[in-house]
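Undergrad: Build me a model:
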Amino acid sequence: MVLRGGAEQFIEEAARSLNDAIEIVRRSVKNATIVPGGGAIDMELSRHLRDFARGVAGKGQLFINAFAKALEAGAYTRPLFSSTSAIPDTKYTLSTP
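TA: Numbers count the residues shown, from 1 in each chain. All right, here's what the predicted structure looks like:
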């Protein structure tokens, strides 16, 4: 692979980034387990909490659902503060399922 750039520092950084990407792919091929990112864990926890809340009586159910909603809000707002959008061409609206 040939890397070209205007400055030596740019070339070194590009080479490090490329090496990191190659190492990630190599490790992914060797190890079949993958940890999801981008709020996937928060959304899954929220889903389990909402399922659990269905069996809780009284105000406890409201507290559990509120916490689940807070987890979802974090997963939706995280892309707003990143350099790229995880949900392109859509408006970010929070709704309760």
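Undergrad: So the chain: which segments form each domain?
TA: The record assigns the chain these domain ranges, following automatic domain parsing: 1-34, 36-97.
Undergrad: Which of those comes out lowest on mean pLDDT?
TA: Sorting the domains of the chain by mean pLDDT places domain 36-97 lowest, at a mean of 78.
Undergrad: tell me which element Ala70 is part of?
TA: Element membership of Ala70 [criterion: DSSP states H and E] is helix 59-77.
Undergrad: Repeat that for Arg16.
TA: helix 8-30.
Undergrad: For the helix or strand that comes right after that helix, list every residue counted as buried.
TA: Using DSSP H and E, the helix or strand that follows helix 8-30 in sequence is helix 40-53. Using 16 or more other C-beta atoms under 10 Å as the test for burial, helix 40-53 gives 42-43, 46, 49-50, 53. Every C-beta, even on glycine, is put in place using the N, C-alpha and C of the backbone.
Undergrad: could the residues you listed go into JSON lines alongside distance to Gly60?
TA: Output for those, formatted as JSON lines (distance: C-beta to C-beta, whole Å):
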{"residue": "Asp42", "distance to Gly60": "21"}
{"residue": "Met43", "distance to Gly60": "22"}
{"residue": "Ser46", "distance to Gly60": "17"}
{"residue": "Leu49", "distance to Gly60": "12"}
{"residue": "Arg50", "distance to Gly60": "13"}
{"residue": "Ala53", "distance to Gly60": "8"}
